[in-house]
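# Requesting a structural model of the entry that follows:
(4 chains)
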There are 2 protein chains.
Amino acid sequence: MLKYQQIAEEIETYIEEHELQQGDKLPVLATLMDQFEASKSTVTKSLDLLEKKGVIFQVRGSGIFVRRQKRKGYISLLSNQGFKKDLDEFQLTSDVIELDIRKPTAEAARNLNLEVDDKVYYVKRVRYINGETLCLEESFFNKAYVTYLNREIVSESIFHYIQEGLGLKIGFSDMYLHVDRLTEEEAGYLGLEAGAPKLDVETVFHLTNGQPFDFSVVTYNYEQSQFFLQANSHFQ
Amino acid sequence: MLKYQQIAEEIETYIEEHELQQGDKLPVLATLMDQFEASKSTVTKSLDLLEKKGVIFQVRGSGIFVRRQKRKGYISLLSNQGFKKDLDEFQLTSDVIELDIRKPTAEAARNLNLEVDDKVYYVKRVRYINGETLCLEESFFNKAYVTYLNREIVSESIFHYIQEGLGLKIGFSDMYLHVDRLTEEEAGYLGLEAGAPKLDVETVFHLTNGQPFDFSVVTYNYEQSQFFLQANSHFQ
DNA sequence: CAGTGGTCTAGACCACTAT
DNA sequence: TAGTGGTCTAGACCACTGG
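Numbers count the residues shown, from 1 in each chain, chains lettered A, B, ... in the order given. All right, here's what the predicted structure looks like:
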């Protein structure tokens, strides 16, 4: 593990273990440099990483402060690849409805830069949180990259397998959100009535080399889904 | 303007003017260093900024590539403070329903770290896109920071005024999303029927020093609202 | 004005990609 | 194995905050 990642991890662990709250001050840069035996740039890089993750904020001339999530039970929109990270406290399970190799739909082909007669793994799952339906998920994996899947893998964390088992490196993703009404079929899977509100999240996942490898459409049960998102002004 | 921001801006402009597409290769680091007469660290910092904004992606051992948004007409969830940036092509207008100084609701007080008998500016607006209702917006501004507002300011971009007119520096924000059904009142403002789907986005905006100054609840017309979001694996 | 974070440089060395 | 991006350092100097 890289030095700056290591430092970031230790600072984050420190914040969690000492249950520091929003606004609590961390040691000054010079102290951190001493403590971690690292240069200013390296410590700064760690802090920038934590700032990007929404863990701290830095104020020039003043100090480094803890930034804390106040509300509980929200799903992070930016780090929900398989959830694992955010919903530790919750019981997450999956029912695999379908799993096969097929040709992509026109929409999937477009999003994955495929021809309509290329091959994809198709996965359809219903995911549960504490026994309640959370979402219906349909995924198309480019078979050129995701060379193998089976029901066991798919009932656990697909992304964990893709990274550890297949050695693929995930780079970035584009997400598209729509609010609409549930169709009959979706309502059936989610145990709601047709026409009820839903949130659709379409995501195109790319490898570090920029190749799209997974197109997913996730339909959330509006009763179970609360999302949060942390933004920095640097985006403007 | 800082050197690394200047460089980032020029690269972004270059991409737009030459209409570069996803995957197109940019000059190598050494060339950029020459071209902008900057050190490796400075150019790297520019590139990291652009990567964070979703404009490019970098591949070690290979090069720097353009990352492009494929779909049009989506609102960026991460840079929609007053929209201005993303929906240039669209006609955005506002109706100011209410504007006054009052005591915050319990919820607003909690999110702004205020006492219930402190003072806030309360703003209620309906926003239109190409003449169609886009959203209903209720905002509570801590009067200790946002010392003055009037109907003219509020019918234009409040955030522009806060930064340019009042000299406040915006740091970061926490956003909370919920999907639900429209109430009678909301439906009235948005020209939809009660019970139709809606997306509520609650946002707490903070200054660079970490103080929350604005709590907003925006209720989107589901027919008009499509959102997008770009994520990096660094978040995990 | 002392303390603190931010920018920028030059250069050494490392890790990955493509050929 | 050449080319390319990533990490890390030491140090100079700048810009903001707060007493």
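# Please count neighbours and contacts with C-alpha atoms only from this point.
Will do.
# how close does residue A:143 sit to DNA strand C?
Here residue A:143 is placed at a distance of 18 Å from DNA strand C (CA to the nearest atom of the strand, to the nearest Å).
# residues in contact with that residue?
Shown here is residue A:143, whose contacts under the criterion CA atoms under 8 Å, 6 or more residues apart in numbering or on different chains are A:119-121.
# Select from the residues you listed every entry located in strands.
Cross-referencing these against strands under DSSP state E gives A:120-121.
# any chance of the contacts of residue A:143 in a markdown table, with neighbour count and distance to DNA strand C too?
Formatted as a markdown table, the contacts of residue A:143 follow (neighbours: other CA atoms under 10 Å in any protein chain shown; distance: CA to the nearest atom of the strand, whole Å):
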| residue | neighbour count | distance to DNA strand C |
| --- | --- | --- |
| A:119 | 18 | 22 |
| A:120 | 28 | 22 |
| A:121 | 22 | 23 |
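# just curious, which of the contacts of residue A:143 is nearest to residue A:159?
Relative to residue A:159, the closest of these is residue A:121; by CA to CA it sits at 13.8 Å.
# State the number of residues packed around residue A:152.
If you count neighbours by other CA atoms under 10 Å in any protein chain shown, residue A:152 ends up with 10.
# same deal with the one 4 residues further on?
Number of residues near residue A:156 (other CA under 10 Å) recorded here: 16.
# wait, does the top helix by length along chain A contact DNA strand D?
Across chain A, the helix with the greatest residue count (assigned by DSSP state H) is helix A:3-17. Yes: Helix A:3-17 is in contact with DNA strand D by CA under 7 Å from any atom of the strand, via A:3-5.
# Who wins on neighbours among these?
Highest neighbour count within those, by other CA under 10 Å: residue A:4, with 20 neighbours.
# Correct me if wrong: that one contacts residue A:41.
No: the pair residue A:4 and residue A:41 does not pass the contact test of CA atoms under 8 Å, sitting 9.3 Å apart.
# before we move on, the earlier item: from the chain's centroid, how far away is the longest helix of chain A?
Its chain's C-alpha centre and that of helix A:3-17 lie 20 Å apart, by CA atoms, centre = their mean, to the nearest Å.
# just stretch A:212-220 next, same as before
Averaging C-alpha coordinates over stretch A:212-220 and over its chain gives two centres that are 12 Å apart (CA atoms, centre = their mean).
# Pull the residues that contact that stretch.
Contacts to stretch A:212-220, defined as CA under 8 Å, 6+ apart, come from residues A:108, A:111-113, A:134-142, A:145-146, A:186, A:198-207.
# Over to stretch A:196-209?
Where contact means CA under 8 Å, 6+ apart, the residues beyond stretch A:196-209 that reach it are A:111-112, A:168-182, A:187, A:212-222, B:59, B:179-181, B:196-198.
# What subset of those residues is buried?
Neighbour counting by 16 or more other CA atoms under 10 Å in any protein chain shown classes A:111-112, A:168, A:170-182, A:187, A:212-222, B:179-181, B:196-198 among those as buried.
# Torsion angles phi and psi at residue A:232?
Note on residue A:232: its backbone torsions stand at phi -120, psi 150 [degrees, to the nearest 10].
# separation between the closest residue to it other than its chain neighbours and residue A:144?
Beyond its immediate neighbours in the sequence, the residue positioned closest to residue A:232 (CA to CA, 6 or more residues apart in numbering or on different chains) is residue B:172, lying 4.4 Å away. Residue B:172 sits at a distance of 40 Å from residue A:144 (criterion: CA to CA, to the nearest Å).
# Any stretches of chain A with poor pLDDT?
Residues of chain A meeting the criterion pLDDT under 70: A:80-89, A:234-236.
# hmm, try it at 90
Residue ranges of chain A with pLDDT under 90: A:68-73, A:75-76, A:78-93, A:129-131, A:156-157, A:164, A:224-225, A:232-236.
# Show me what from chain A comes close to DNA strand D.
Close to DNA strand D, as judged by CA under 7 Å from any atom of the strand, chain A has residues A:2-5, A:37-43, A:59-62.
# Of the residues you listed, select the buried ones using a ChimeraX command.
Those of the residues of chain A next to DNA strand D that meet the burial criterion (16+ other CA under 10 Å) are gathered into one ChimeraX selection, given here:
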select /A:4,5,38,42,43
